[in-house]
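**Student:** Sharing a model that was predicted from the sequence below.
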Amino acid sequence: MTAKTQQPEILLTGATGCIGGRLLEALEAEGRSVRCMTRRPHALIGRLGPQSSVVRGDCLNPDSLQGAFAGIDTAYYMVHSMGGSADFESRDRLAARNFGHEARAAGVRRIVYVGGLGAAAGLSRHLRSRHETGEVLRASGVPVIEFRSGIVLGAGSLSFELIRALVERLPVMVCPSWVRTPTQPIALTDLVAYLIAALDLPYEESRLFEIGGADVVSYREIMREYARQRGLRRGLIPVPLLTPRLSSLWLGLTTPVYARVGRELIDGLRTATVVNDAAARTALPITPLGLRAAIARAIEEEDAAFAATPWSEAALASGTVLRWGGVRIRSRLIHSAAVDLPVGPAAAFAPIQRIGGARGWYYGDWIWRFRGLFDLLLGGVGMNRGRRDPETLAAGDVLDCWRVDACKPDIRLRLAAEMKLPGRGWLEFDVTPRGGGASRIRQTAVFDPTGLWGRFYWHALYPIHVLLFGGLLRSIARRAIAKSSWRKGGRHALKY
């Protein structure tokens, strides 16, 4: 057993959130034992490593915290109430007081906390509450390592999601004065690195570190850099009279998911959030990324997480069901359908891996040929590249206008579109056993649109996609059944 596995458990709150979830992964990668405290233990099912555990606890209910801190030296406090209550300040104050009290009673030697940058004068309610939370934790008597961070750029972070939603949806943005406010954004990976590095600091005293990325920029520059990396042209028109209240209403109309927290977020953007104390650079061995690298990293991380997603009903249920156009998960648009077959995974997967080339696409070949011709006219690859082998596929293979992104025999085939598109597209087939010699094929079409034109393309062609992909799935099912020994008269059902 290594020295790290012999260390006391670390208590982590907020493991179901963006920062806490990434911190959990990083701690487990270092071989540390983590005890996650959450109000919803079921949300961590399947996400914990063998050395981690979960306990139920609510920082607003002190009785639920008893016993959670036993044997803990370091506790990470990642609790924030802004999204859940208009009176989030008093809830944050109470939660921090309860947490600090129980930590002190259990003999915890250190609390690590993430607050927000910003000078004390003129802070928004949101940033003022972040500062006050650190003060309440320190008042418990437990040494506190507080990191005051700039906005976080990373897949799933609220700041990054807000910037992306605005830039992706609005070709021209009417911008209030806060877009010129200086800020020092930090990559999510760098923030997590700082949180890990805090474990090597001495226990004896509280420390406050201001942390940010390598660049001091404006919100305008952040949006422009994101647009550049996504290949979008965006116009930004400054309007000084757009107040925080009007900005929040506008935000709610253009990006409804942020309507509830919009005003507090916008109000906080008026405050300069830059590092004025360089203590973190000298005390901790972290060299943070600049703006360009941080946004590139966030996009890469999101792509990797999306590529690793198994397209089960549970995963699809986490998205937003659209009135027209399938399901939206973040910026991606998804159409998915499934068919249950009375054959095993090998028989179900056989026609999937033989698709394309000389055999064609089983359904609507004339539509595929027309699309290929149109693609050639646009300077694309068309549909005539064929395939390397008529029976098997491997990652990297060309398949007509697609390329094989991943292939696990009898389990999964994922194709990445190489045709000309206003975005990026994938087509995935997943095969799962259903018991009794049966299996399910789930076919998922995923599109990551570029700007409004990409969204128009998806929604305008959605009926054709439903027709084409639905016919393709049914044809695959018929071929799988025809190759099996199943007698005529059986049944299978498509489930959308």
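**Tutor:** Sure, I can see it.

**Student:** Tell me who's in contact with residue 39.
**Tutor:** Neighbour list for residue 39: 56-58 [criterion: Cβ atoms under 8 Å, 6 or more residues apart in numbering]. Where you see a C-beta, it was placed from the backbone N, CA and C, and this is true even at glycine.

**Student:** Actually, residue 232.
**Tutor:** Taking Cβ under 8 Å, 6+ apart, one finds 167-168, 171, 450-451 in contact with residue 232.

**Student:** what about 6 Å?
**Tutor:** Going by Cβ atoms under 6 Å, 6 or more residues apart in numbering, residue 232 touches residue 451.

**Student:** now the strands for the stretch 301-450 of the chain?
**Tutor:** Assigned by DSSP state E, counting those that start in this stretch, the strands in the stretch 301-450 of the chain fall at 320-321, 327-329, 332-341, 398-399, 402-408, 412-417, 423-435, 438-449.

**Student:** And the average pLDDT for stretch 128-146 is what?
**Tutor:** Stretch 128-146 shows a mean pLDDT of 93.

**Student:** brain fart, stretch 92-112
**Tutor:** 94.

**Student:** quick one: buried residues of that stretch?
**Tutor:** 92-103, 106, 108, 110-112 (16 or more other Cβ atoms under 10 Å).

**Student:** As CSV, the contacts of residue 39 with distance to residue 397 would be great.
**Tutor:** Below are these laid out as CSV (distance: Cβ to Cβ, whole Å):
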residue, distance to residue 397
56, 48
57, 50
58, 51
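
**Student:** quick one, longest helix in this protein?
**Tutor:** Looking across the chain with DSSP state H, the single longest helix is helix 462-483.

**Student:** could you give the angle of it to strand 423-435?
**Tutor:** 40 degrees (axes from the mean of the first three to the mean of the last three Cα atoms, to 10 degrees).

**Student:** Check which helices and strands helix 462-483 sits against.
**Tutor:** strand 332-341, helix 345-353 (3 or more Cβ pairs under 6 Å, 6 or more residues apart in numbering; DSSP states H and E).

**Student:** what about the stretch 301-450 of the chain, any weak spots by pLDDT?
**Tutor:** Applying pLDDT under 70 to the stretch 301-450 of the chain flags residues 308-315, 317-318.

**Student:** try 80 this time
**Tutor:** Along the stretch 301-450 of the chain, the parts satisfying pLDDT under 80 run over 303-320, 330-331.

**Student:** how about the helices in the stretch 101-250 of the chain?
**Tutor:** For the stretch 101-250 of the chain, the helices defined by DSSP state H, counting those that start in this stretch cover 125-139, 158-169, 188-197, 219-229, 244-254.

**Student:** mind giving me a markdown table with those helices and columns for mean neighbour count and distance to residue 416?
**Tutor:** As requested, the helices of the stretch 101-250 of the chain are exported to a markdown table (neighbours: other Cβ atoms under 10 Å; distance: least, Cβ to Cβ, whole Å):
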| stretch | mean neighbour count | distance to residue 416 |
| --- | --- | --- |
| helix 125-139 | 20 | 40 |
| helix 158-169 | 21 | 20 |
| helix 188-197 | 21 | 25 |
| helix 219-229 | 19 | 19 |
| helix 244-254 | 17 | 30 |
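
**Student:** Tabulate the ones you listed in CSV, adding columns for distance to residue 39.
**Tutor:** As requested, the helices of the stretch 101-250 of the chain are exported to CSV (distance: least, Cβ to Cβ, whole Å):
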stretch, distance to residue 39
helix 125-139, 18
helix 158-169, 19
helix 188-197, 21
helix 219-229, 33
helix 244-254, 27
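
**Student:** And those helices: which comes nearest residue 24?
**Tutor:** Closest to residue 24 of the helices of the stretch 101-250 of the chain, according to Cβ to Cβ: helix 188-197, at 9.7 Å.

**Student:** relative orientation of the closest one and helix 158-169 in degrees?
**Tutor:** 180 degrees.

**Student:** Out of the strands of the stretch 301-450 of the chain, which gets nearest to residue 184?
**Tutor:** Nearest of the strands of the stretch 301-450 of the chain (Cβ to Cβ): strand 438-449, 28.9 Å.

**Student:** partner strands of that closest one, parallel or antiparallel?
**Tutor:** strand 332-341 (antiparallel), strand 423-435 (antiparallel) (DSSP bridges).

**Student:** ranking those strands by burial, who's on top?
**Tutor:** Mean neighbours per residue, mean count of other Cβ atoms under 10 Å, is largest over the strands paired with strand 438-449 for strand 332-341, with a mean of 21.

**Student:** could you give the angle of that one to helix 345-353?
**Tutor:** Going by the same axes, to 10 degrees, strand 332-341 makes 130 degrees with helix 345-353.

**Student:** distance between strand 332-341 and the chain's centre?
**Tutor:** 21 Å (Cα atoms, centre = their mean, to the nearest Å).

**Student:** again, but for stretch 279-294
**Tutor:** Here stretch 279-294 is found 23 Å from its chain centre; the criterion is Cα atoms, centre = their mean.

**Student:** separation between the one residue sitting closest to the centre of the chain and residue 239?
**Tutor:** The centroid of the chain falls nearest to residue 156 when counting by Cα atoms, centre = their mean (3.7 Å). Going from residue 156 to residue 239 by Cβ to Cβ, to the nearest Å gives 30 Å.

**Student:** could you dump the contacts of residue 39 to JSON lines with pLDDT and secondary structure?
**Tutor:** Shown next, in JSON lines, are those (pLDDT from 0 to 100; DSSP: H, G, I helix; E, B strand; the rest coil):
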{"residue": "56", "pLDDT": "93", "secondary structure": "strand"}
{"residue": "57", "pLDDT": "91", "secondary structure": "coil"}
{"residue": "58", "pLDDT": "91", "secondary structure": "coil"}
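
**Student:** and which of those residues is nearest to residue 477?
**Tutor:** Using Cβ to Cβ, these come closest to residue 477 at residue 56, 43.7 Å.

**Student:** in the sheet, who's paired with that closest one?
**Tutor:** Per DSSP bridges, the residues bridged to residue 56 are residue 38.

**Student:** That one touches residue 43, doesn't it?
**Tutor:** No: under the criterion of Cβ atoms under 6 Å, residue 56 is not in contact with residue 43, lying 11.2 Å apart.

**Student:** Give the residues shared as contacts by those two.
**Tutor:** If you check residue 56 and residue 43 against Cβ under 6 Å, 6+ apart, no residue is contacted by both.

**Student:** Any buried residues in stretch 406-425, and which?
**Tutor:** Of all the residues in stretch 406-425, those buried under the rule 16+ other Cβ under 10 Å are 406-407, 409-410, 412-419, 421-423, 425.

**Student:** now stretch 356-367
**Tutor:** 356-357, 360-364.

**Student:** Now, the buried residues of stretch 92-112 that are in strands?
**Tutor:** Within the buried residues of stretch 92-112, residues falling in strands by DSSP state E are 110-112.
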